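J.: next input, structure requested:
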Amino acid sequence: MKLRLLKPCALSLLFVLAFHPAFSESTDNRTRQLPVEFRGVWVATVTNIDWPSKRTLSVEELKKEALNIIELHHKMGMNTIILQVRPSGDAIYPTNLAPWSVYLTGKQGNAPEGGFDPLKFWVDECKKRNIELHAWINPFRASLHSTDSLTENHPARLHPEWVVEYNGKLYFDPGIPEVRHHLTEVIRELVRNYDIAAIHIDDYFYPYPATGFVFKDSASYEARSEEERHLSIHDWRRSNTDKFIMEASAAIHAEKAYVKFGISPFGVWRNKSEDPRGSDTRAGVTSYDHLYADVVKWAHQGWIDYVIPQIYWSSRDKAANFLKLAQWWNDNITDRHLYIGHGIYKINGTQENWDDPNELKQQILFSRSLRNVKGSAFYSHNHFLRKNNNLNQLLEDSLYRDIAAVPPMEWLQNKARPEPVNNLKYKRGLITWEAPRGANTTGKPLRYVVYIANESGGEAEYITRSRVFKPESKTMPGRGRFSIQVAVMDADNSISEKSEVLKIRY
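T.: Sure thing, here's the model as predicted:
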């Protein structure tokens with residue numbers, strides 16, 4: 001059975017039919033529960049990896065490509081798109097804090113025609129399909145090139161004292177307080193101006209080590225505060241990223257308490273040979289020691305809301321094994337949500353450890369078996385377009401056949417679970433209900449989950465913003481007697497208790 005979008009007169013509905021006994025419950029008194037699982041895909045804009053495909057597209061072409069991406073992943077059952085909105089010190093949305101991205105218009109600083117705001121378009125189109133949009137930023141990467149290629153208003157040009165050149169690229173120095181403040185304001189502006197579900201940062205904090213190059217931050221290290229004089233340069237660098245994460249988290253939740261903050265770190269925190277708490281791996285680079293990102297600490301401190309470790313190895317790799325790493329992250333991220341990042345770009349590539357056509361399926365099923373793992377994300381969109389990888393069919397027809405809601409985060413809610421709907425009834429061919437009083441505390445429109453089950457075992461779920469539902473052939477799993485229930489889904493993805501059962505005949 002396939003997930004697809006219905007387009008009635010008012011608002012779009014997310015729909016799935018399911019005739020699987022494992023999900024069915026008795027129709028005498030209730031319908032089945034809506035599955036909950038994070039299902040995300042990264043859409044990279046840097047160097048035009050995923051979107052846009054070229055730097056010379058018209059606004060209509062930009063929209064068309066974006067819609068094709070959104071529709072593809074909606075069809076496959078994804079509920080989250082992680083869109084890169086700040087590739088390298090620039091932006092794909094209007095802001096005074098950075099120039100327009102060269103990857104969008106072909107020349108850094110040039111705006112799209114007609115005042116087009118790409119990020120708003122992505123947010124709006126994702127919302128129509130009940131897909132969360134997570135705004136992905138690369139905070140410390142200033143440029144992939146030298147300052148000569150930057151516009152006059154690029155922060156690296158305006159503040160050359162903030163920048164460290166390393167291996168031919170420019171980086172903002174995390175050890176400078178003004179840099180951290182600037183980047184926090186970038187995040188604050190994004191959260192304030194856009195109806196995004198989350199701010200997302202990947203593995204790039206301090207740069208990956210490059211042979212023969214030194215990250216020249218000795219001046220900012222010497223200028224460190226008195227409280228930090230005892231720190232080695234390595235501990236000081238970790239302290240800098242700690243401060244940034246803590247400050248960014250505070251800014252996000254001060255603007256909108258329900259917006260999430262997620263990190264997708266390199267897949268190895270530390271090797272066991274370096275730290276008994278580390279994983280049974282022999283990785284040449286680790287998040288803690290080389291990128292100075294102590295993601296485990298950030299989760300334990302409650303500064304971040306989710307972690308997506310990039311476990312881009314197979315279950316047959318020796319130095320870093322997917323199964324061992326997924327288990328390690330499961331055992332060490334217990335305070336916040338954990339989703340697993342899968343490196344689908346390696347499928348059908350040159351690495352023989354990825355030759356097994358069932359590798360990804362096994363990874364997803366193993367992840368689902370782990371107590372603390374609540375979903376998966378895939379890098380990246382473009383690799384769903386490759387021929388003969390069977391990814392789309394695997395997700396659409398099998399693993400993601402049934403609709404799933406994004407897991408709610410109770411620590412962001414700070415309120416009671418939503419109350420059920422009132423006055424559910426069937427009259428003149430329409431099912432209607434009333435919203436519970438006081439259910440909408442965020443100012444965002446409520447969504448409703450409509451559960452349908454018939455006597456023969458057919459079931460369907462819908463997510464809609466309307467309080468009117470019309471039973472018809474394309475929305476009902478067969479004919480006969482049906483049990484109908486409705487629940488409230490709020491901005492935090494928290495779902496209320498179901499309503500009383502409404503019995504109808506269709």
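
J.: identify each buried residue in the longest helix along the chain, please.
T.: In the chain, ranked by residue count with DSSP state H as the criterion, the top helix is helix 233-255. Neighbour counts over helix 233-255 (16 or more other Cβ atoms under 10 Å) mark 236-242, 244-249, 251-253 as buried. Glycine gets a C-beta too; all of them are placed from N, C-alpha and C.

J.: ditto for stretch 296-309
T.: For stretch 296-309, the buried set under the neighbour-count rule, 16+ other Cβ under 10 Å, comprises Val296, Lys297, Trp298, Ala299, Trp303, Ile304, Asp305, Tyr306, Val307, Ile308, Pro309.

J.: what segments of this structure are helices?
T.: Secondary structure of the chain by DSSP H: the helices cover 59-75, 102-105, 118-128, 155-158, 177-193, 218-222, 233-255, 295-301, 322-332, 359-369, 391-394, 410-413.

J.: any chance of these in TSV, with distance to Glu461 too?
T.: Below are the helices of the chain laid out as TSV (distance: least, Cβ to Cβ, whole Å):
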stretch	distance to Glu461
helix 59-75	15
helix 102-105	37
helix 118-128	18
helix 155-158	46
helix 177-193	30
helix 218-222	53
helix 233-255	31
helix 295-301	31
helix 322-332	28
helix 359-369	19
helix 391-394	21
helix 410-413	22
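
J.: save these as a markdown table, and put in mean pLDDT and distance to Pro445 too.
T.: Output for the helices of the chain, formatted as a markdown table (pLDDT from 0 to 100; distance: least, Cβ to Cβ, whole Å):
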| stretch | mean pLDDT | distance to Pro445 |
| --- | --- | --- |
| helix 59-75 | 98 | 19 |
| helix 102-105 | 96 | 30 |
| helix 118-128 | 98 | 9 |
| helix 155-158 | 96 | 36 |
| helix 177-193 | 98 | 18 |
| helix 218-222 | 98 | 46 |
| helix 233-255 | 98 | 19 |
| helix 295-301 | 99 | 31 |
| helix 322-332 | 99 | 35 |
| helix 359-369 | 98 | 31 |
| helix 391-394 | 93 | 31 |
| helix 410-413 | 86 | 17 |
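
J.: and the protein, what are its domain boundaries?
T.: The chain resolves into domains spanning 4-11+25-31+412-505, 35-409 when parsed by automatic domain parsing.

J.: lowest-confidence stretch among those?
T.: Within the domains of the chain, the stretch with the lowest mean pLDDT is domain 4-11+25-31+412-505, showing a mean of 80.

J.: now the longest helix of the chain, how far from the centre of its chain.
T.: On the basis of Cα atoms, centre = their mean, to the nearest Å, helix 233-255 sits 20 Å off its chain's mean C-alpha point.

J.: and what of stretch 55-63?
T.: That offset, for stretch 55-63, works out to 24 Å (Cα atoms, centre = their mean).

J.: who's in contact with that stretch?
T.: Identification of contacts with stretch 55-63 by Cβ atoms under 8 Å, 6 or more residues apart in numbering yields 48, 52, 65, 102-106, 112-114, 116, 118, 121.

J.: at 10 Å what do you get?
T.: Stretch 55-63 has contacts (Cβ atoms under 10 Å, 6 or more residues apart in numbering) with 47-48, 51-54, 64-65, 92, 101-107, 110, 112-116, 118, 121-122, 125.

J.: equivalent analysis for stretch 312-324, please.
T.: When contacts are taken as Cβ under 10 Å, 6+ apart, the neighbours of stretch 312-324 outside the stretch itself are 266-268, 271, 279-284, 311, 325-328, 340-347, 351-356, 358-360, 362-363, 366-367, 379.

J.: can you check stretch 353-366 too?
T.: The list of residues contacting stretch 353-366 from outside it, by Cβ under 10 Å, 6+ apart, reads 37, 39, 311, 313-318, 321-323, 326-327, 330, 340, 342-349, 373, 375-376, 378, 388-391, 394-395, 398-400.

J.: one more: stretch 210-230?
T.: Identification of contacts with stretch 210-230 by Cβ under 10 Å, 6+ apart yields 161-162, 164-169, 171, 173-177, 179, 206-207, 209, 231-233, 235-237, 239-240, 292.

J.: ok, 7 Å please
T.: Counting contacts by Cβ atoms under 7 Å, 6 or more residues apart in numbering, the residues outside stretch 210-230 that touch it are Val164, Tyr166, Asn167, Asp173, Gly175, Ile176, Tyr206, Pro207, Ile233, Trp236, Ser239.

J.: residues touching the first one, list them.
T.: Val164 makes contacts with Tyr171, Asp173, Phe215, Lys216, Asp217, as judged by Cβ under 7 Å, 6+ apart.

J.: wait, the second one sits on Trp162?
T.: Yes - the pair formed by Asp173 and Trp162 meets the contact definition of Cβ atoms under 7 Å, at 6.0 Å.

J.: quick one: buried ones out of the contacts of Val164?
T.: Applying 16+ other Cβ under 10 Å to these, the neighbour count classes Tyr171, Asp173, Phe215, Asp217 as buried.

J.: and those residues, which of them are in strands?
T.: Applying DSSP state E to these, the entries found in strands are Tyr171.

J.: in TSV: the buried ones among the contacts of Val164, plus distance to Ala404.
T.: Formatted as TSV, the entries for the buried ones among the contacts of Val164 read as follows, by distance: Cβ to Cβ, whole Å:
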residue	distance to Ala404
Tyr171	38
Asp173	41
Phe215	42
Asp217	44
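
J.: and which of the buried ones among the contacts of Val164 is nearest Val468?
T.: Ranking the buried ones among the contacts of Val164 by separation from Val468, with Cβ to Cβ as the measure, puts Tyr171 on top at 53.2 Å.

J.: out of the helices of the chain, nearest to Ala135?
T.: Closest of the helices of the chain to Ala135 is helix 177-193, at 5.4 Å (criterion: Cβ to Cβ).

J.: so Asp402 sits against Pro35, correct?
T.: Yes - counting by Cβ under 7 Å, a contact exists between Asp402 and Pro35, whose distance comes to 5.7 Å.

J.: compare the two (neighbour count), which wins?
T.: Each of Asp402 and Pro35 has its neighbours counted (other Cβ atoms under 10 Å); Asp402 has more, 19 against 14.

J.: ok so, going back, joint contacts of Asp173 and Trp162?
T.: Going by Cβ under 7 Å, 6+ apart, residues that sit against Asp173 and also against Trp162 are Val179.

J.: what are the ranges of the strands in the stretch 301-450 of the chain?
T.: Across the stretch 301-450 of the chain, reading from the start of the chain, the strands by DSSP state E, counting those that start in this stretch fall at 306-307, 310-311, 337-342, 373-378, 422-427, 430-434, 447-454.

J.: can you add distance to Asn130 and give those back as a markdown table?
T.: Supplementary listing: the strands of the stretch 301-450 of the chain in a markdown table, determined by distance: least, Cβ to Cβ, whole Å:
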| stretch | distance to Asn130 |
| --- | --- |
| strand 306-307 | 19 |
| strand 310-311 | 26 |
| strand 337-342 | 18 |
| strand 373-378 | 16 |
| strand 422-427 | 21 |
| strand 430-434 | 18 |
| strand 447-454 | 7 |
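
J.: show me the one of those that comes nearest His145.
T.: In this view, the strands of the stretch 301-450 of the chain are compared for proximity to His145 by Cβ to Cβ, and strand 310-311 is the closest at 24.9 Å.

J.: where do the strands of the stretch 1-150 of the chain begin and end?
T.: Taking DSSP E, counting those that start in this stretch as the test, the strands found in the stretch 1-150 of the chain are 4-6, 13-18, 38-43, 80-86, 132-137, 141-143.

J.: let's have those strands in TSV, adding mean neighbour count.
T.: Written out in TSV, the entries for the strands of the stretch 1-150 of the chain read as follows (neighbours: other Cβ atoms under 10 Å):
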stretch	mean neighbour count
strand 4-6	14
strand 13-18	21
strand 38-43	25
strand 80-86	26
strand 132-137	24
strand 141-143	25
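
J.: could you dump those to CSV with distance to Asp490?
T.: Conversion of the strands of the stretch 1-150 of the chain to CSV gives the following (distance: least, Cβ to Cβ, whole Å):
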stretch, distance to Asp490
strand 4-6, 22
strand 13-18, 16
strand 38-43, 17
strand 80-86, 17
strand 132-137, 14
strand 141-143, 35
